[in-house]
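# what follows is a predicted protein model with its sequence.
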Amino acid sequence: MKIGIGSDHAGYVLKSAIIKHLEEKKLDFVDYGTFKEESVNYPDYALKVSKAVADGEVDYGILICGTGIGMSITANKVKGIRAALVHSLETARMSRLHNNANVLCLGGRVLEEKLALEMVDVWLNTSFEGGRHENRLKLITTLTGL
């Protein structure tokens, strides 16, 4: 499993903590930036990670901005991306189990680090359930013209 990770300035501190966590778990990742806490535009980083996921360069993406909202909106503009903004262990789990989310979006200014790291673990370790949910994903794909 290879993970693409990116953030804007508001998500930089949490991104750094997640990277350390991924390293401790010996998980393969690519850091798409930002590499500083100076103001940047979140869509640039959402696009880098989302395109990497959509093109198969990485298997999954993790995006962090202040609230996660901007990253989620931007990522979901990329064909083939199912980005989920999560705020609890249950929403992290369900985003994979029922929605087969391939990009996880987090809010660096609204989440405690400990919870965010637990959500990353739950998200990465939950598999898509398939079944009735497969048909729903096909409907979403049809509706969005993907």
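That came through, no problem. As the structure is a prediction and not an experimental result, all values here were calculated from the model.
# go ahead and report the secondary structure state at residue 39.
Three-state assignment for residue 39 (DSSP: H, G, I helix; E, B strand; the rest coil): coil.
# tell me how far it lies from residue 105.
The gap separating residue 39 from residue 105 is 19 Å, by Cβ to Cβ, to the nearest Å. For glycine as for every other residue, the C-beta is placed from the backbone atoms N, C-alpha and C.
# cool, residue 82 as well?
Using Cβ to Cβ, residue 82 is found at 11 Å from residue 105.
# neighbour-wise, which of those two wins?
For residue 82 against residue 105, the residue with the higher neighbour count under other Cβ atoms under 10 Å is residue 105, and the figures read 28 against 18.
# need the contact list for the residue nearest the centre of the chain.
By Cα atoms, centre = their mean, the mean C-alpha position of the chain lies nearest to residue 104, the distance being 2.1 Å. The neighbourhood of residue 104, defined by Cβ atoms under 8 Å, 6 or more residues apart in numbering, consists of 60-63, 83-84, 86, 92, 95, 119-120, 123.
# sort out for me which of the residues you listed are in helices.
92, 95, 119-120, 123 (DSSP state H).
# what subset of those is buried?
92, 95, 119-120, 123 (16 or more other Cβ atoms under 10 Å).
# and the residues you listed, which two are the farthest apart?
Across those, no pair lies farther apart than 95 and 120, at 11.9 Å, counting by Cβ to Cβ.
# where do the strands sit along the protein?
Shown for the chain, the strands assigned by DSSP state E span residues 2-7, 28-31, 60-65, 83-85, 103-107.
# low-confidence ranges, this structure, go.
144-146 (pLDDT under 70).
# wait, residue 12 sits on residue 39?
No: with contacts counted by Cβ atoms under 8 Å, residue 12 stays clear of residue 39, the gap being 10.6 Å.
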